[in-house]
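Chemist: build me a structure from this.
(chains A and B)
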Amino acid sequence: MPDQERKLKILHAGALRKPVKEWVHLFWKDCPGVQVSLDCAGSRACAHAVLEGSDVDVIALADPHVFEDLLVPDHVDIFFVFATDRIVLGYDEFSRYSGEISRENWIEVLVREDVKYGRSDHNLDPCGYRTLMVWQLAERHYGRPGLFNQLNQSCTPDLIYPKSIDLSGALLEGKLDYAFVYSSVAGQLGFRHIPLPDRINLSSPAYAGEYAQVSVTVTGKGGGVSLVRGSPIEFAVAIPKNSSNKETANQFIKTLTSPEGEKILDACGLIPC
Amino acid sequence: MAAEKEGGNTGVVSALPLEKLTQPAILLLLAGSPAHGYDLIQKLHQLDFIESDPDTATVYRTLRRLEQEGLVVSRWEHGEFGPARRQYRLTAGGLNALDDWAVVLKARLRQIESLIYCYDSIKKGKG
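Modeler: Numbering: from 1, shown residues only, chains lettered A, B, ... in the order given. Below is the predicted model:
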């Protein structure tokens, strides 16, 4: 293998940090000695890095829509949809009202004046716009007109984090009482969590039609605006056209979609698909 | 309380393992045509013999188990541009498994019909 092929640059969504690290160890069993560098950001920020010419061999994002919206066909041809997840409300034992929050009363707890809950930035991170979609779906599902505005207005800019991993960090540090995160992330970090109904948690293709009735407008780095419609949560991976290590990158994707790679996803709380 | 029991669902029925039909339902759908897990979940949602909504994780795990058992095979399907998804296809072994399911379910159906016949006879006798 030429020297250039002994390197692999992986850019990935923050929510994929744990499985990506474990995939690299699995990959090294078949391809020892390959120098791997990892970088993570919100998925839209990852895509913008590729748009701006970053040298990346593998890009793994938390939403196939980001590929379609920003990278296909100029920077990416094909992207592989490899996992699904769902949004939950994460918290820990020190969160205010942690002893009384439940599936039935989570909205009443969140809207209390002394409760702080956060989300990630919808312009940078799919978990951010998915949270806004969950709030819109909750308004419909629970028949509570005005709920979206109520939740959105109480989640002030200081409670909005660039990517889901920063949001989780804020919850760990006690800066937040509650955070809307992926179920996998909640599991990896040992958070308690309230599962939300499938009709609102963006987990099920069975409700794709209902999810598609809500949308969020996201603004790109250059000021461009995109409308993102609700859809079941999926994660996808691709090799950018300008990768200088395509053979190695392809080997890495084979690793992550192998039965062993899927076991890693499972262990990290994601659902291989 | 006795009146409530006579008039309503006692909860016993919900203990029947109807969710087990997910596996033959997946085999049945794949006997019709190859499909992605995403499509299968949408189709399962529309089947009237699947009582509760299909759980996404259960469907994908069932597909992987069926593949490990050789009842289905998968390959990545994609066009020139856009998403690649794992598409599942029934194998000859999967078709045999579906045949086995049909035999088992028909036998079960006869048992259930016999039970209902006895039940109706008793009700008519009391009437």
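
Chemist: and the pLDDT at the most centrally placed residue in chain A?
Modeler: Against the mean C-alpha coordinate of chain A, by C-alpha atoms, centre = their mean, the closest residue is A:Ala62 at 4.2 Å. On pLDDT, A:Ala62 comes in at 93.

Chemist: my guess is it meets A:Val20, correct?
Modeler: No. Distance between A:Ala62 and A:Val20: 11.9 Å, which falls outside the contact criterion (C-beta atoms under 8 Å). Quick note: C-beta positions are derived from backbone N, CA and C, even for glycine.

Chemist: stretch A:40-60: which residues count as buried?
Modeler: The neighbour-count check on stretch A:40-60 (16 or more other C-beta atoms under 10 Å in any protein chain shown) flags A:40-50, A:56-60 as buried.

Chemist: same deal with stretch A:173-193?
Modeler: Residues of stretch A:173-193 classed as buried by neighbour count (16+ other C-beta under 10 Å): A:176-189, A:191, A:193.

Chemist: wondering if it reaches chain B at all.
Modeler: No. On the criterion C-beta under 8 Å from any C-beta of the partner chain, stretch A:173-193 is out of touch with chain B, staying 9.7 Å away.

Chemist: count the neighbours of A:Gly143 for me.
Modeler: A:Gly143: 7 surrounding residues under other C-beta atoms under 10 Å in any protein chain shown.

Chemist: report the separation between it and A:Leu137.
Modeler: Shown here: A:Gly143 relative to A:Leu137, a distance of 12 Å by C-beta to C-beta, to the nearest Å.

Chemist: could you do B:Asp48 as well?
Modeler: 25 Å.

Chemist: now do A:Cys46
Modeler: From A:Cys46 across to A:Leu137, the span is 26 Å (C-beta to C-beta).

Chemist: dump the C-alpha coordinates for the longest helix seen in chain A into CSV.
Modeler: When chain A is scanned for its longest helix (criterion: DSSP state H), the result is helix A:126-141. C-alpha atoms of helix A:126-141 as CSV (Å, rounded to 0.1, in the frame of the first residue of the first chain):
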residue,chain,number,x,y,z
PRO,A,126,-29.5,17.5,13.2
CYS,A,127,-30.2,16.7,16.9
GLY,A,128,-31.0,20.4,17.2
TYR,A,129,-33.6,20.6,14.4
ARG,A,130,-34.9,17.2,15.3
THR,A,131,-35.6,18.6,18.8
LEU,A,132,-37.6,21.4,17.3
MET,A,133,-39.5,18.9,15.3
VAL,A,134,-40.2,16.8,18.4
TRP,A,135,-41.7,19.9,20.1
GLN,A,136,-43.9,20.5,17.1
LEU,A,137,-45.0,16.9,17.0
ALA,A,138,-45.6,17.0,20.8
GLU,A,139,-47.9,20.0,20.3
ARG,A,140,-50.0,18.0,17.9
HIS,A,141,-49.8,14.6,19.7
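
Chemist: what's it packed up against?
Modeler: Packing partners of helix A:126-141 (3 or more C-beta pairs under 8 Å, 6 or more residues apart in numbering or on different chains; DSSP states H and E): strand A:87-91, strand A:117-120, helix A:147-154, helix A:164-172, strand A:178-182, helix A:208-211, strand A:215-219.

Chemist: ignoring the adjacent residues along the chain, who's closest to the closest residue to chain B within chain A?
Modeler: Across chain A, the shortest distance to chain B (C-beta to the nearest C-beta) belongs to A:Ala206, at 3.6 Å. On the basis of C-beta to C-beta, 6 or more residues apart in numbering or on different chains, the spatially nearest residue to A:Ala206 that is not a chain neighbour turns out to be B:His45, at 3.6 Å.

Chemist: quick revisit: and the residue of chain A closest to chain B, how many neighbours does it have?
Modeler: Using other C-beta under 10 Å, the number of residues around A:Ala206 comes to 22.

Chemist: list the residues that contact it.
Modeler: A:198, B:41-42, B:44-45, B:53-54, B:56 (C-beta atoms under 8 Å, 6 or more residues apart in numbering or on different chains).

Chemist: what does the stretch 51-200 of chain A put close to chain B?
Modeler: Applying C-beta under 8 Å from any C-beta, one finds that the stretch 51-200 of chain A approaches chain B through A:64, A:67-68, A:72-73, A:77-81, A:84, A:86, A:198.

Chemist: are any of the residues you listed buried, and if so which?
Modeler: When those are checked for burial by 16+ other C-beta under 10 Å, the buried set is A:64, A:67-68, A:72, A:77-81, A:84, A:86, A:198.
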